[in-house]
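Participant: Kindly generate the corresponding structure for this input.
(one chain, ligands or ions: 1)
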Amino acid sequence: MKILVLTGSARNGNSSKLADAFIEGAKEAGHDIRRVDCAKLKVNGCLGCNYCYSHDSVCCQKDGFADLREDLIAADAVIFASPIYYYGLSSQLRAVIDRFYAIDGKLHAPKRTALLISLADDAEETAQPAVIHYKGFTGYLGWQDAGIVIAYGCTAPDDILKTDALTKARELGKNI
Ligand SMILES: Cc1cc2nc3c(=O)[nH]c(=O)nc-3n(C[C@H](O)[C@H](O)[C@H](O)COP(=O)(O)O)c2cc1C
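Facilitator: Down below sits the predicted model:
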């Protein structure tokens, strides 16, 4: 399977390690992986101008989104790895997701998907808004959820090493 992993943190911390662990497992299973760190891409938010409607699903904004557009369409699975920022996914990842709009018609396809998130809090309800968002837009696109890994209590970049979340992410990668 072609797997696209989209990460949302600007630092090499907890959610980046979740992505690494997932990729390790998926590579072991023989999948073809591309990882895109959205924070390095410089992707603007969607303008809602509908230029894409009349221009063959091409966005009027010429920025980092163009770099992942074709791989996103071709992917058999799309994985989201993000820290929780103010009860949601990071804005760097959100910007990329909102830009799905231009190619929305091409993304309604039988893909698999998964969510990997880390947060400082220990409370389940703090992660839930991001989980609901993920389930909402992936369900709308007709993608099949393969699993969700949530790493609680992760404040410093290496806190995740004290949890079992990396083992879970590696297993998810193997079984995607
Ligand atoms: C801007 C910002 C907002 C945050 N908001 C929350 C939050 O609402 N709830 C929470 O539990 N942790 C919050 N955190 C903590 C991060 O989610 C946590 O440290 C996470 O593991 C960071 O992931 P990373 O190491 O991959 O960057 C926030 C951190 C930052 C920098």
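Participant: now the residue in the chain sticking out farthest from the centre: how far from the ligand?
Facilitator: The C-alpha centroid of the chain is most remote from Ser54, which lies 27.9 Å away (C-alpha atoms, centre = their mean). Applying C-beta to the nearest ligand atom, to the nearest Å, the value for Ser54 to the ligand is 37 Å. Where you see a C-beta, it was placed from the backbone N, CA and C, and this is true even at glycine.
Participant: Next: Leu116.
Facilitator: Counting by C-beta to the nearest ligand atom, the gap from Leu116 to the ligand is 10 Å.
Participant: show me the contacts for that residue.
Facilitator: When contacts are counted by C-beta atoms under 8 Å, 6 or more residues apart in numbering, Leu116 touches 15, 18-19, 22, 79-82, 148-149, 151, 169, 172.
Participant: so what does the longest helix along the chain touch, helix or strand wise?
Facilitator: In the chain, with assignment by DSSP state H, the single longest helix is helix 124-140. Where contact means 3 or more C-beta pairs under 8 Å, 6 or more residues apart in numbering; DSSP states H and E, helix 124-140 is packed against strand 112-118, strand 144-151.
Participant: which residues sit against the last one?
Facilitator: By that I understand strand 144-151. 14-15, 18, 22, 77, 110-119, 124, 127, 131, 134-135, 138-139, 160, 163, 165, 168-169, 172, 175-176.
Participant: immediately after that strand, which helix or strand?
Facilitator: helix 165-175 (DSSP states H and E).
Participant: Report the distance from that next one to the chain centre.
Facilitator: The chain centre lies 15 Å from the centre of helix 165-175; the measure is C-alpha atoms, centre = their mean, to the nearest Å.
Participant: Pull out the buried residues from it.
Facilitator: Buried residues in helix 165-175, counting neighbours by 16 or more other C-beta atoms under 10 Å, are found at Ala165, Leu166, Lys168, Ala169, Arg170, Leu172, Gly173, Lys174.
Participant: Would you agree the last one is in contact with Phe22?
Facilitator: Read it as Lys174. No. With contact defined as C-beta atoms under 8 Å, Lys174 does not count as touching Phe22 (9.2 Å).
Participant: Next, count neighbours for the closest residue to the ligand within the chain.
Facilitator: The chain approaches the ligand most closely through Gly13 (2.3 Å), counting by C-beta to the nearest ligand atom. Neighbour count for Gly13, taken as other C-beta atoms under 10 Å: 18.
Participant: Just the pLDDT for it.
Facilitator: pLDDT for Gly13: 98.
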